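Asks: Predicted model, plus sequence, below.
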Amino acid sequence: MDPLSQGTVGAAFAQSSANKNNLLKVGLVGFLAGLAPDLDVLIQSSTDPILFLEYHRQFSHSLFFIPFGSFIVALLIFPLIRKSMSFKTVYVASLLGYATHGLLDACTSYGTLLFWPFSNERITWNNISIVDPLFTVPALILVGTAIKTRKRIFSFFSIGWIIFYLTLGFVQYERALSVANELAKSRGHDAERLTLKPSFGNLILWKSIYQYQDVFYVDAIRIVQSSTVCLGESISIFDYQEHLPDLDKKSQQAKDIERFRWFSQDYLGFDEEKNLVTDVRYSMLPNEIEAMWGLIIDDQQDLAEHAIWWTGRDLDQSQWNLFLDMLSGKECKNRI
């Protein structure tokens, strides 16, 4: 998730080990430890544009790295506060803060290598958006209240809110899953694969992607007391023979596509206009196929040349208004 969310969750859990006299400092240690795993974004290469995809949310996010990562954080912080806190106190706070990071990231749809180095599977529980103020702001207020009042009970209230909201995400996911399966059946489709993810900043509007034969179908599902659907678009599944017949399978670009396939959990589409291999999971609007990122392929390039990493995350006013209409129910009126 975003840095503020990660730090807030880390602080809340770290404060559970504090006393009323060190809630601020323990919370700060937990906040910093909750941020620390994302330092893996510094692993980049000027010659390999998608190296960061392989290392972000990798070893630093693994459950098995928690004792080591939190120990490093404690070593760095302890000299700054050694006069007021023991190393044991700092390490416990760091451990609690650091431990939350990978688990919280696994709740999103991006993919987290929780079991590295024993598994390269990207874990995605899909029960919260990468950014969700409704999750973060109440938790942050409760952490701040604990510090201001010097009452640890508010830290536990924050933890309670975090657990409640994530649990609500699982409930909403299951409801959306039922609707998505019904939607596929209404079209005469037997979904071969299906994934769901909440749209930006809420647990009401969900993006549904399912595969039937050689096509991905993308729709938005609105889950409140009743469920409605914003019918969306479809895109052909990426296929070398159909979309890039002249690309040498031994080229670096082909290798980059396979790395991107692993990152996207094989939800690859192809934008013929841009000659772009896309990640169908991510778009600015939940019922559209226009990608947020992908690989531009030039099959005339040298075999050793990498593909070009492309991003497109602009959301204009009309799209934002449409998103709000979908979220409020003005657009999503189709019932299954």
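Replies: Perfect, I can see it now. Numbering: from 1, shown residues only.
Asks: for this structure, which spans come out with low pLDDT?
Replies: Along the chain, the parts satisfying pLDDT under 70 run over 336.
Asks: can you rerun that using 90?
Replies: Residue ranges of the chain with pLDDT under 90: 20-21, 46, 83-84, 225-226, 299-301, 312-319, 329-336.
Asks: what are the phi and psi values for the residue sitting furthest away from the middle of it?
Replies: In the chain, residue 83 marks the outermost C-alpha relative to the chain mean, sitting 38.5 Å out by CA atoms, centre = their mean. Dihedral pair for residue 83: phi -80, psi -20, per degrees, to the nearest 10.
Asks: residues contacting it?
Replies: By CB atoms under 8 Å, 6 or more residues apart in numbering, residue 83 lies in contact with nothing. Quick note: C-beta positions are derived from backbone N, CA and C, even for glycine.
Asks: buried set for the helix or strand harbouring residue 171?
Replies: Following DSSP states H and E, one finds residue 171 within helix 153-186. By 16 or more other CB atoms under 10 Å, the buried positions in helix 153-186 come out as 154-155, 157-159, 161-162, 165-166, 169, 172-173, 175-177, 179-181, 183-184.
Asks: So what's the gap between that helix and the chain middle?
Replies: Helix 153-186 sits 15 Å away from the centroid of its parent chain (CA atoms, centre = their mean, to the nearest Å).
Asks: Show me what that helix is packed up against.
Replies: Here helix 153-186 touches helix 3-15, helix 133-149, strand 193-198, strand 205-212, strand 215-223, strand 227-236, going by 3 or more CB pairs under 8 Å, 6 or more residues apart in numbering; DSSP states H and E.
Asks: Just checking: what are the partner strands of the third one?
Replies: It stands for strand 193-198. Next to strand 193-198 in the sheet, as set by DSSP bridges, lie strand 205-212 (antiparallel).
Asks: Residues contacting the strand it pairs with, please?
Replies: Strand 205-212 has contacts (CB under 8 Å, 6+ apart) with 172-173, 176, 179-180, 183-184, 187, 189-199, 216-223, 237, 267, 280-281, 283, 286-287, 323, 326-327, 332.
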